[in-house]
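1. Any chance you can model this:
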Amino acid sequence: MGVFSFYRNGEPEHWLDPTAVQQPAAPPPLVSATRPATASPIASAQPIAPIISRPSPEETDIARASANQLVSFDALAPLPAPIAPAKKAAALATIREELGECTRCALSYGRNKIVFSDGDPNAELMFVGEGPGADEDEQGIPFVGRAGHLLNNMITAMGLSREQVYIANIVKCRPPGNRVPEFSEATTCSPFLLRQIDVVRPKVIVALGATAATYLLGRKSALSLLRGNWHTCRGAKLAVTYHPAFLLRDPRQKKETWKDLQMVMAELGLKPPKSATPSE
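-> Model (predicted):
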(Lines give C-alpha, C1' and ligand atoms only; values in the text may rest on other atoms or scores of the structure.)
Protein backbone atom coordinates (compact mmCIF):
# COMPACT_ATOMS: atom_id res chain seq x y z
CA MET A 1 0.00 0.00 0.00
CA GLY A 2 2.39 2.82 0.83
CA VAL A 3 3.48 5.63 -1.40
CA PHE A 4 4.03 5.73 -5.18
CA SER A 5 5.74 7.94 -7.87
CA PHE A 6 6.99 11.67 -8.48
CA TYR A 7 8.29 14.48 -11.03
CA ARG A 8 10.55 16.52 -13.32
CA ASN A 9 9.26 18.94 -15.99
CA GLY A 10 6.65 21.68 -15.75
CA GLU A 11 6.73 22.16 -11.98
CA PRO A 12 7.70 24.93 -9.55
CA GLU A 13 11.47 24.96 -9.55
CA HIS A 14 11.93 25.77 -5.87
CA TRP A 15 10.07 22.73 -4.60
CA LEU A 16 11.27 20.37 -7.33
CA ASP A 17 14.97 20.88 -6.55
CA PRO A 18 16.17 17.82 -4.59
CA THR A 19 19.08 19.87 -3.21
CA ALA A 20 16.62 22.13 -1.39
CA VAL A 21 15.44 19.29 0.83
CA GLN A 22 16.83 19.21 4.35
CA GLN A 23 18.56 16.12 5.68
CA PRO A 24 16.61 14.06 8.22
CA ALA A 25 17.39 14.13 11.91
CA ALA A 26 18.67 10.99 13.60
CA PRO A 27 15.75 8.68 14.47
CA PRO A 28 14.65 8.58 18.12
CA PRO A 29 14.79 5.37 20.17
CA LEU A 30 12.00 2.96 19.32
CA VAL A 31 10.94 2.52 22.96
CA SER A 32 9.75 5.50 25.00
CA ALA A 33 11.61 6.07 28.21
CA THR A 34 8.31 6.54 29.98
CA ARG A 35 6.81 3.23 28.80
CA PRO A 36 8.30 -0.16 29.78
CA ALA A 37 9.61 -2.05 26.78
CA THR A 38 8.24 -5.28 28.22
CA ALA A 39 4.68 -4.06 28.52
CA SER A 40 2.16 -6.24 26.73
CA PRO A 41 0.13 -4.40 24.07
CA ILE A 42 -2.63 -6.97 24.40
CA ALA A 43 -2.88 -6.78 28.17
CA SER A 44 -2.75 -2.98 28.20
CA ALA A 45 -5.02 -2.37 25.21
CA GLN A 46 -8.09 -0.23 25.78
CA PRO A 47 -11.30 -0.07 23.75
CA ILE A 48 -11.66 2.68 21.19
CA ALA A 49 -13.28 5.75 22.73
CA PRO A 50 -16.86 6.13 21.48
CA ILE A 51 -17.67 8.91 19.04
CA ILE A 52 -19.80 11.53 20.77
CA SER A 53 -23.44 11.47 19.65
CA ARG A 54 -22.76 8.46 17.41
CA PRO A 55 -22.93 4.69 17.92
CA SER A 56 -19.75 3.14 19.29
CA PRO A 57 -17.60 1.71 16.45
CA GLU A 58 -16.21 -1.12 18.62
CA GLU A 59 -18.39 -3.94 17.32
CA THR A 60 -18.04 -2.75 13.74
CA ASP A 61 -14.27 -2.51 14.06
CA ILE A 62 -14.00 -6.01 15.56
CA ALA A 63 -16.03 -7.48 12.71
CA ARG A 64 -14.01 -5.57 10.12
CA ALA A 65 -10.71 -6.63 11.67
CA SER A 66 -11.68 -10.28 11.76
CA ALA A 67 -12.63 -10.16 8.07
CA ASN A 68 -9.90 -7.66 7.10
CA GLN A 69 -12.72 -5.69 5.53
CA LEU A 70 -12.09 -2.19 4.20
CA VAL A 71 -14.87 0.34 4.74
CA SER A 72 -14.82 3.88 3.35
CA PHE A 73 -14.89 6.81 5.74
CA ASP A 74 -18.25 7.75 4.25
CA ALA A 75 -19.66 4.41 5.43
CA LEU A 76 -18.22 4.55 8.95
CA ALA A 77 -20.76 6.99 10.41
CA PRO A 78 -23.43 9.50 9.34
CA LEU A 79 -22.15 12.97 8.54
CA PRO A 80 -22.92 15.23 11.53
CA ALA A 81 -24.09 18.82 11.45
CA PRO A 82 -21.29 21.35 10.80
CA ILE A 83 -19.59 22.99 13.77
CA ALA A 84 -19.39 26.77 13.98
CA PRO A 85 -15.97 28.06 12.88
CA ALA A 86 -15.29 29.63 16.28
CA LYS A 87 -15.82 26.28 18.01
CA LYS A 88 -13.71 24.05 15.75
CA ALA A 89 -10.43 24.49 17.63
CA ALA A 90 -12.09 23.50 20.91
CA ALA A 91 -13.78 20.52 19.24
CA LEU A 92 -10.44 19.27 17.93
CA ALA A 93 -8.89 19.76 21.37
CA THR A 94 -11.65 17.57 22.81
CA ILE A 95 -10.84 14.80 20.33
CA ARG A 96 -7.16 15.03 21.25
CA GLU A 97 -8.06 14.84 24.93
CA GLU A 98 -10.16 11.72 24.35
CA LEU A 99 -7.31 10.14 22.41
CA GLY A 100 -5.15 10.61 25.50
CA GLU A 101 -1.86 8.71 25.73
CA CYS A 102 -3.36 6.08 23.48
CA THR A 103 -2.47 2.40 23.93
CA ARG A 104 -5.26 1.06 21.71
CA CYS A 105 -2.86 -0.71 19.34
CA ALA A 106 0.69 -2.05 19.42
CA LEU A 107 2.13 1.06 17.70
CA SER A 108 1.97 2.84 21.06
CA TYR A 109 4.77 0.65 22.43
CA GLY A 110 7.36 1.89 19.97
CA ARG A 111 6.39 5.52 19.64
CA ASN A 112 7.88 8.57 21.26
CA LYS A 113 5.06 11.09 20.71
CA ILE A 114 1.53 10.94 19.34
CA VAL A 115 1.29 12.97 16.13
CA PHE A 116 -2.24 14.38 16.08
CA SER A 117 -2.37 17.13 13.44
CA ASP A 118 -1.19 20.56 12.41
CA GLY A 119 -2.77 23.56 10.75
CA ASP A 120 -5.94 25.64 10.55
CA PRO A 121 -9.13 24.14 12.06
CA ASN A 122 -11.09 26.15 9.47
CA ALA A 123 -8.98 25.12 6.47
CA GLU A 124 -10.62 24.52 3.11
CA LEU A 125 -7.82 22.12 2.15
CA MET A 126 -6.73 19.09 4.15
CA PHE A 127 -3.81 16.73 3.48
CA VAL A 128 -3.88 13.17 4.81
CA GLY A 129 -0.68 11.13 4.79
CA GLU A 130 0.22 7.62 5.92
CA GLY A 131 1.90 7.94 9.31
CA PRO A 132 4.63 9.71 11.27
CA GLY A 133 8.31 9.21 10.54
CA ALA A 134 11.29 9.65 12.85
CA ASP A 135 11.25 13.46 12.84
CA GLU A 136 7.51 13.58 13.38
CA ASP A 137 7.74 11.04 16.20
CA GLU A 138 10.35 13.22 17.88
CA GLN A 139 8.47 16.53 17.53
CA GLY A 140 4.85 15.38 17.68
CA ILE A 141 3.98 17.31 14.49
CA PRO A 142 3.13 15.77 11.10
CA PHE A 143 5.36 16.31 8.06
CA VAL A 144 8.36 18.06 9.58
CA GLY A 145 11.15 15.92 8.08
CA ARG A 146 12.42 15.80 4.51
CA ALA A 147 9.01 14.80 3.17
CA GLY A 148 7.45 17.59 5.20
CA HIS A 149 9.86 20.13 3.72
CA LEU A 150 8.78 19.01 0.26
CA LEU A 151 5.09 19.16 1.24
CA ASN A 152 5.60 22.73 2.48
CA ASN A 153 7.05 23.65 -0.91
CA MET A 154 4.11 22.01 -2.66
CA ILE A 155 1.66 24.02 -0.53
CA THR A 156 3.56 27.23 -1.26
CA ALA A 157 3.49 26.46 -4.98
CA MET A 158 -0.31 26.28 -4.72
CA GLY A 159 -0.43 29.84 -3.40
CA LEU A 160 -1.02 28.88 0.24
CA SER A 161 0.99 28.59 3.44
CA ARG A 162 1.18 25.61 5.77
CA GLU A 163 -0.77 27.61 8.35
CA GLN A 164 -3.74 27.79 5.95
CA VAL A 165 -4.20 24.03 5.52
CA TYR A 166 -4.88 21.13 7.89
CA ILE A 167 -2.55 18.12 7.98
CA ALA A 168 -3.06 14.68 9.54
CA ASN A 169 -2.20 11.01 8.98
CA ILE A 170 -3.98 7.68 8.82
CA VAL A 171 -2.17 6.58 12.00
CA LYS A 172 -0.96 8.85 14.76
CA CYS A 173 2.01 6.76 15.98
CA ARG A 174 5.14 5.89 14.03
CA PRO A 175 5.16 2.33 12.65
CA PRO A 176 8.48 0.54 13.36
CA GLY A 177 10.99 1.23 10.61
CA ASN A 178 8.40 3.44 8.86
CA ARG A 179 6.62 0.35 7.57
CA VAL A 180 3.11 0.54 6.14
CA PRO A 181 0.49 0.55 8.95
CA GLU A 182 -1.26 -2.76 9.45
CA PHE A 183 -5.01 -3.03 8.95
CA SER A 184 -5.80 -3.22 12.68
CA GLU A 185 -3.60 -0.19 13.38
CA ALA A 186 -5.18 1.94 10.67
CA THR A 187 -8.75 1.01 11.59
CA THR A 188 -8.09 1.66 15.28
CA CYS A 189 -7.11 5.24 14.42
CA SER A 190 -9.96 5.69 11.91
CA PRO A 191 -12.62 6.98 14.34
CA PHE A 192 -10.35 9.80 15.48
CA LEU A 193 -9.29 10.87 11.99
CA LEU A 194 -12.91 10.70 10.86
CA ARG A 195 -13.92 13.07 13.66
CA GLN A 196 -11.09 15.44 12.78
CA ILE A 197 -12.33 15.60 9.20
CA ASP A 198 -15.91 16.14 10.35
CA VAL A 199 -14.85 19.06 12.57
CA VAL A 200 -12.62 20.79 10.01
CA ARG A 201 -15.08 20.04 7.18
CA PRO A 202 -12.63 20.93 4.37
CA LYS A 203 -13.82 21.52 0.84
CA VAL A 204 -11.03 19.35 -0.57
CA ILE A 205 -8.99 16.50 0.90
CA VAL A 206 -5.75 15.39 -0.74
CA ALA A 207 -4.83 11.77 -0.02
CA LEU A 208 -1.03 11.54 -0.10
CA GLY A 209 -0.15 8.05 -1.26
CA ALA A 210 -1.83 4.68 -1.52
CA THR A 211 -2.30 4.05 2.21
CA ALA A 212 -4.26 7.25 2.74
CA ALA A 213 -6.35 6.63 -0.38
CA THR A 214 -7.04 3.01 0.60
CA TYR A 215 -8.48 3.78 4.03
CA LEU A 216 -10.27 7.02 3.16
CA LEU A 217 -11.99 5.45 0.14
CA GLY A 218 -12.33 1.96 1.60
CA ARG A 219 -10.77 0.12 -1.31
CA LYS A 220 -7.41 -0.88 -2.70
CA SER A 221 -6.58 0.44 -6.13
CA ALA A 222 -3.52 1.53 -8.05
CA LEU A 223 -2.77 5.24 -7.74
CA SER A 224 -2.73 5.44 -11.53
CA LEU A 225 -6.44 4.57 -11.50
CA LEU A 226 -7.32 6.99 -8.68
CA ARG A 227 -5.31 10.03 -9.74
CA GLY A 228 -6.86 12.62 -12.03
CA ASN A 229 -10.40 11.90 -10.81
CA TRP A 230 -12.51 13.39 -8.05
CA HIS A 231 -13.71 11.15 -5.26
CA THR A 232 -15.77 11.99 -2.16
CA CYS A 233 -15.04 11.72 1.57
CA ARG A 234 -17.13 13.10 4.44
CA GLY A 235 -18.78 15.77 2.32
CA ALA A 236 -15.50 16.88 0.73
CA LYS A 237 -14.06 16.31 -2.70
CA LEU A 238 -11.04 14.02 -2.50
CA ALA A 239 -8.05 13.98 -4.82
CA VAL A 240 -5.29 11.35 -4.78
CA THR A 241 -1.65 12.04 -5.48
CA TYR A 242 1.79 10.72 -4.63
CA HIS A 243 3.26 10.98 -1.14
CA PRO A 244 6.14 13.47 -0.77
CA ALA A 245 8.36 10.68 0.61
CA PHE A 246 7.99 8.86 -2.69
CA LEU A 247 8.85 12.01 -4.61
CA LEU A 248 12.14 12.11 -2.75
CA ARG A 249 12.88 8.64 -4.14
CA ASP A 250 11.56 9.31 -7.64
CA PRO A 251 11.64 13.04 -8.50
CA ARG A 252 10.51 12.22 -12.05
CA GLN A 253 6.94 11.95 -10.80
CA LYS A 254 6.81 15.57 -9.60
CA LYS A 255 5.40 16.60 -12.96
CA GLU A 256 2.44 14.27 -12.45
CA THR A 257 1.89 15.48 -8.91
CA TRP A 258 1.84 19.08 -10.08
CA LYS A 259 -1.03 18.11 -12.39
CA ASP A 260 -2.92 16.73 -9.39
CA LEU A 261 -2.29 19.89 -7.37
CA GLN A 262 -3.43 22.08 -10.25
CA MET A 263 -6.73 20.17 -10.30
CA VAL A 264 -7.13 20.97 -6.59
CA MET A 265 -6.18 24.60 -7.14
CA ALA A 266 -8.80 24.99 -9.85
CA GLU A 267 -11.46 23.58 -7.51
CA LEU A 268 -10.50 26.01 -4.74
CA GLY A 269 -9.92 29.00 -7.05
CA LEU A 270 -6.24 29.22 -6.17
CA LYS A 271 -3.51 30.73 -8.30
CA PRO A 272 0.19 30.08 -7.69
CA PRO A 273 2.46 33.03 -6.91
CA LYS A 274 4.61 34.26 -9.80
CA SER A 275 7.70 32.82 -8.15
CA ALA A 276 6.07 29.39 -8.19
CA THR A 277 4.97 29.37 -11.81
CA PRO A 278 6.20 26.13 -13.42
CA SER A 279 9.14 26.50 -15.75
CA GLU A 280 8.70 25.72 -19.42
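2. in which helix or strand would I find the closest residue to residue 220 other than its chain neighbours?
-> Of all residues not flanking residue 220 in the chain, residue 214 sits nearest, at 5.3 Å (CB to CB, 6 or more residues apart in numbering). Backbone N, C-alpha and C define where each C-beta goes, glycine included. With secondary structure defined by DSSP states H and E, residue 214 is part of helix 210-217.
3. Please identify the buried residues of the following helix or strand past that helix?
-> Elements were assigned by DSSP H and E; along the chain past helix 210-217, the next helix or strand is helix 223-226. Neighbour-count burial for helix 223-226 flags 223, 226 (criterion: 16 or more other CB atoms under 10 Å).
4. what sits up against helix 223-226?
-> Identification of contacts with helix 223-226 by CB atoms under 8 Å, 6 or more residues apart in numbering yields 4-5, 207, 209-210, 213, 217, 240-242.
5. can you rerun that using 7 Å?
-> Outside of helix 223-226, the residues that reach it under the criterion CB atoms under 7 Å, 6 or more residues apart in numbering are 4, 210, 213, 240, 242.
6. quick one on the thing from earlier: could you check the pLDDT of the residue nearest to residue 220?
-> Residue-level confidence at residue 214 comes out at 97, pLDDT.
7. in the stretch 1-150 of the chain, which spans are strands?
-> With DSSP state E, counting those that start in this stretch applied, the stretch 1-150 of the chain shows strands at 118-119, 125-129, listed in chain order.
8. who touches the shortest one?
-> The list of residues contacting strand 118-119 from outside it, by CB under 7 Å, 6+ apart, reads 141-142, 162-163, 165-167.
9. again with the last one
-> Defining contact as CB under 7 Å, 6+ apart, one finds that strand 125-129 is touched by 142-143, 151, 160, 165-170, 197, 200, 202, 204-209, 212, 216, 243, 268.
10. could I get the contacts of helix 223-226 as JSON lines with neighbour count and distance to residue 92?
-> Rendered in JSON lines, the data for the contacts of helix 223-226 read as follows (neighbours: other CB atoms under 10 Å; distance: CB to CB, whole Å):
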{"residue": "4", "neighbour count": "23", "distance to residue 92": "30"}
{"residue": "210", "neighbour count": "23", "distance to residue 92": "27"}
{"residue": "213", "neighbour count": "31", "distance to residue 92": "23"}
{"residue": "240", "neighbour count": "27", "distance to residue 92": "24"}
{"residue": "242", "neighbour count": "23", "distance to residue 92": "27"}
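11. TSV for the residues you listed, including distance to residue 74?
-> Converted to TSV, these look like this (distance: CB to CB, whole Å):
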residue	distance to residue 74
4	23
210	19
213	14
240	15
242	23
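12. and residue 247, which of the strands of the stretch 1-150 of the chain is closest to it?
-> Nearest of these to residue 247, taken as CB to CB: strand 125-129 at 12.4 Å.
13. and that closest one, how far from the chain's centre?
-> Offset of strand 125-129 from its chain centre (CA atoms, centre = their mean, to the nearest Å): 6 Å.
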